[in-house]
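K.L.:
Predicted coordinates and the sequence they were generated for:
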Amino acid sequence: MLAHRLRFRQDFSILVIDEAALNTSTDTLSQIRSLTSDENILAFADFVISARGKRRFAAHDSLDLMTIPRLVPQIFIADFRNGMDNGILIKFSGSHIDEYFGRNIQGKYLDDVYNGRDGLDFVREVYRRCHVNGQICFRRKSTSFNHRIFGERDVLQTFLLIPCSTDDQVVDYGIGYAIYSDKIDNPEDTLVFI
């Protein structure tokens, strides 16, 4: 597998995987398995990646979240149909996601509600690479959120963002799975694009 590591600012090391080296769903799932052993993230990845069949991307409207009800609270969907110039529209957010934002973010622009310590510019770049480059993103990082009720909270954020496309060419949605855990064991900050 072809890969190279980039530095992003001073606190991130980014591993970029050459997509040409990942021809099949099995290869993509293997790469994700090498990044995490979390069974829910792996079940989510398998659900979305297997839905693409022989396509490069799964079609958003073919994903029936009701077939994976135990995962839905941690799923979010970004709507890229109008691009990102006006912000990142969150079409759907599960209850676990809303809990850590301190409010329901469904139907809102992430740009208006994101308050993580790592900054909106960094987050926009992650979503841009999903939208424009069609790259899957895996991220694990200790960060801080300013919760509306509880104030500033340190959390371990782990998420997987997978591009979706109606026509299998233009990425019009990103579907993700996020875990926000109060248990912080100082893991190495990880950001991988596949």
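P.N.:
Received the coordinates, thanks. Residues are numbered from 1 along each chain as shown.
K.L.:
rest of the way, CA atoms for contacts and neighbours
P.N.:
Fine.
K.L.:
need the strands for this structure, in chain order.
P.N.:
Ranges of strands in the chain, per DSSP state E, are 3-8, 12-17, 75-79, 89-93, 137-147, 151-164, 173-181, 190-193.
K.L.:
so what does the last one touch, helix or strand wise?
P.N.:
Using 3 or more C-alpha pairs under 8 Å, 6 or more residues apart in numbering; DSSP states H and E as the contact test, the elements touching strand 190-193 are strand 12-17, strand 137-147.
K.L.:
hey, least reliable of those strands by pLDDT?
P.N.:
Among the helices and strands packed on strand 190-193, strand 12-17 carries the lowest mean pLDDT, a mean of 44.
K.L.:
And residue 178, how close does it get to residue 86?
P.N.:
23 Å (C-alpha to C-alpha, to the nearest Å).
K.L.:
So which of those two has more stuff around it?
P.N.:
A direct count of neighbours by other C-alpha atoms under 10 Å for residue 178 and residue 86 places residue 178 higher, at 23 against 9.
K.L.:
Bridged to that one, which residues?
P.N.:
The partner list for residue 178 in beta bridges (DSSP bridges) reads residue 159.
K.L.:
residues in contact with it?
P.N.:
Contacts for residue 178 were tallied using C-alpha atoms under 8 Å, 6 or more residues apart in numbering; they are 74-76, 97, 157-160.
K.L.:
possible to save those as JSON lines with pLDDT, distance to residue 139 and neighbour count?
P.N.:
As requested, the contacts of residue 178 are exported to JSON lines (pLDDT from 0 to 100; distance: C-alpha to C-alpha, whole Å; neighbours: other C-alpha atoms under 10 Å):
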{"residue": "74", "pLDDT": "98", "distance to residue 139": "15", "neighbour count": "21"}
{"residue": "75", "pLDDT": "98", "distance to residue 139": "15", "neighbour count": "22"}
{"residue": "76", "pLDDT": "97", "distance to residue 139": "15", "neighbour count": "24"}
{"residue": "97", "pLDDT": "93", "distance to residue 139": "15", "neighbour count": "23"}
{"residue": "157", "pLDDT": "86", "distance to residue 139": "8", "neighbour count": "19"}
{"residue": "158", "pLDDT": "92", "distance to residue 139": "5", "neighbour count": "21"}
{"residue": "159", "pLDDT": "92", "distance to residue 139": "5", "neighbour count": "20"}
{"residue": "160", "pLDDT": "98", "distance to residue 139": "7", "neighbour count": "24"}
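K.L.:
now, which of those residues sits nearest residue 136?
P.N.:
residue 160 (7.3 Å; C-alpha to C-alpha).
K.L.:
nearest residue to the closest one other than its sequence neighbours?
P.N.:
Closest residue in space to residue 160, ignoring its immediate chain neighbours: residue 138 at 4.5 Å, by C-alpha to C-alpha, 6 or more residues apart in numbering.
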